[in-house]
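> Just to be clear, the model below is a prediction. Sequence and coordinates:
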Amino acid sequence: MESSHGFTKITILSLLLIFSACNNERAKKCAHLPYRNKFKNGDIICRLGNGYFSNIFKNFSSSEKIYSHIGIIERSNDSVFVIHCEASELTGVGYVKRENINIFLHNINTWALYRFSEKDSIKKGIVLNAKTYYEKKTPFDLKFDLTNDREVYCSELVALCINKSFNDSIIKPRLYLNKKCFYGIDNIYLNHNLNLVFKQE
């Protein structure tokens, strides 16, 4: 019995060491995320997800059908967050969330970072607007309805936050599907006010 108990303890200890090593390896990968120290407040980040609906949402663009999701960077001291609106693929329920950049880009191969050349007050305004939607826990808009912002979808959230900060409709919904108008993801990042900072494919 004693040797069996000792074997169990050794097995558990080994598993804990392996788990710890895996976590350390994941942390190292996250710490060396390309351009980690280059992210700035108000940057716009796009990604192509791996989920079932990613290829569907990839078509939510007017011309370039590359990305399926978009969010806003918030830099807080040494931490980087993404404020974005996302719905569960299983339930369709979602809301505006604030995620660490490592979670947002976990297992993501295709993504890009864009930046406004405008003054910092504009970029700060974009983040503050996004945080307002986040603090309200604004639901994901499954109807994709642009008549109000009580619910928003991913590109709508980003477009609204940008437009409110500029106090002008610099981002316009130019995607038409089934006679309905949407904010396409590329309506945002291809805007002439935004510049590409980093791209990974």
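Perfect, I can see it now.
> Let's check: the centremost residue of this protein is which one?
The centroid of the chain falls nearest to G71 when counting by Cα atoms, centre = their mean (4.0 Å).
> domains of this structure?
Per automatic domain parsing, the structural domains of the chain span 1-32, 37-200.
> okay, the ones you listed in a markdown table with mean pLDDT next?
Shown next, in a markdown table, are the domains of the chain (pLDDT from 0 to 100):
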| stretch | mean pLDDT |
| --- | --- |
| domain 1-32 | 38 |
| domain 37-200 | 94 |
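> now, of these, which is deepest in the fold?
Compared across the domains of the chain, domain 37-200 shows the largest average neighbour count, a mean of 17 (mean count of other Cβ atoms under 10 Å). No exception for glycine: its C-beta is placed from N, CA and C like everyone else's.
> distance between it and the chain's centre?
In this view, domain 37-200 has its centroid 6 Å away from the chain centroid, taken as Cα atoms, centre = their mean, to the nearest Å.
> Likewise for stretch 191-201?
On Cα atoms, centre = their mean, the centre of stretch 191-201 falls 15 Å from that of its chain.
> what residues does that stretch touch?
34-35, 38, 43-44, 109-118, 170-171, 188 (Cβ atoms under 8 Å, 6 or more residues apart in numbering).
> If we use 10 Å, what do you get?
34-35, 38-40, 43-48, 66, 105, 108-118, 122, 159, 162, 166, 170-172, 188-190 (Cβ atoms under 10 Å, 6 or more residues apart in numbering).
> Among those residues, which ones are in strands?
Judged by DSSP state E, the contacts of stretch 191-201 include I44, I45, C46, R47, L48, T110, W111, A112, L113, Y114, R115, F116 as members of strands.
> which ones are touching the third one?
Same thing as C46. Contacts of C46 (Cβ under 10 Å, 6+ apart): 61, 66-71, 110-114, 154-155, 158, 185-186, 188-189, 199.
> try 8 Å this time
I66, Y67, H69, I70, W111, A112, Y114, I185, Y189.
> Go ahead and confirm the last one touches A112.
It stands for Y189. Yes. Counting by Cβ atoms under 8 Å, Y189 sits close enough to A112 to count as a contact (7.1 Å).
> shared neighbours of these two, anything?
Here Y189 and A112 have C46, Y67 as joint contacts, going by Cβ under 8 Å, 6+ apart.
> and A112, what is it in contact with?
By Cβ under 8 Å, 6+ apart, A112 lies in contact with I45, C46, R47, Y67, Y189, L196, F198, K199, Q200.
> Just the helices from this structure, written as ranges.
Counting by DSSP state H, the chain has helices at residues 2-31, 54-57, 101-104, 120-135, 154-166, 185-189.
> before we move on, back to that, would JSON lines of the contacts of A112 with distance to V96 be doable?
What follows is the contacts of A112, written out as JSON lines (distance: Cβ to Cβ, whole Å):
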{"residue": "I45", "distance to V96": "15"}
{"residue": "C46", "distance to V96": "17"}
{"residue": "R47", "distance to V96": "16"}
{"residue": "Y67", "distance to V96": "18"}
{"residue": "Y189", "distance to V96": "19"}
{"residue": "L196", "distance to V96": "25"}
{"residue": "F198", "distance to V96": "24"}
{"residue": "K199", "distance to V96": "25"}
{"residue": "Q200", "distance to V96": "25"}
